[in-house]
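> below are the sequence and a predicted model for it; my questions follow.
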Amino acid sequence: MLARKRRPSSAWHSLLALPFVGLLWVPFYNRSEPALAGFPYFYWYQFVWIGVSAGLTAVVYFATRDEHR
């Protein structure tokens, strides 16, 4: 049986775990202060992670896409 080669892009894929870890421990951001533009911390912290997640996904995509296209 042939062993699968580990692609060097796996390090890039580990960046996708950051949003998961950042939102995993809810007691860290389960509070109302500091408010930002009237939104409690609980909400704007999660909204920020939406943008961070989209940015990280784009970085990983462009860093690992096949260059032969």
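Great, that's in hand.
> excluding sequence neighbours, find me the nearest residue to W44.
Leaving aside its chain neighbours, W44 sits nearest to L36 (4.6 Å; criterion: C-beta to C-beta, 6 or more residues apart in numbering). Every C-beta, even on glycine, is put in place using the N, C-alpha and C of the backbone.
> count the residues that sit near the one you found.
By other C-beta atoms under 10 Å, the residues close to L36 number 12.
> so how far is F47 from it?
9 Å (C-beta to C-beta, to the nearest Å).
> and what of P34?
Counting by C-beta to C-beta, the separation of P34 from F47 is 14 Å.
> neighbour-wise, which of these two wins?
Neighbour count, other C-beta under 10 Å: between P34 and F47, F47 has more, with 11 against 8.
> test my guess that that one contacts P40.
No - contact criterion C-beta atoms under 8 Å: F47 and P40 do not qualify, at 11.0 Å.
> surely L23 touches Q46?
Yes - the pair L23 / Q46 is scored as a contact, 6.7 Å apart, by C-beta under 8 Å.
> the protein: helices as residue ranges?
Using DSSP state H, the helices of the chain run over residues 10-13, 17-24, 41-64.
> mean pLDDT and distance to N30 added to the ones you listed, as JSON lines?
As requested, the helices of the chain are exported to JSON lines (pLDDT from 0 to 100; distance: least, C-beta to C-beta, whole Å):
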{"stretch": "helix 10-13", "mean pLDDT": "85", "distance to N30": "29"}
{"stretch": "helix 17-24", "mean pLDDT": "93", "distance to N30": "11"}
{"stretch": "helix 41-64", "mean pLDDT": "94", "distance to N30": "6"}
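> can you tell me the centre-most residue of the protein?
Central residue of the chain (C-alpha atoms, centre = their mean): P19, 3.3 Å from the mean position.
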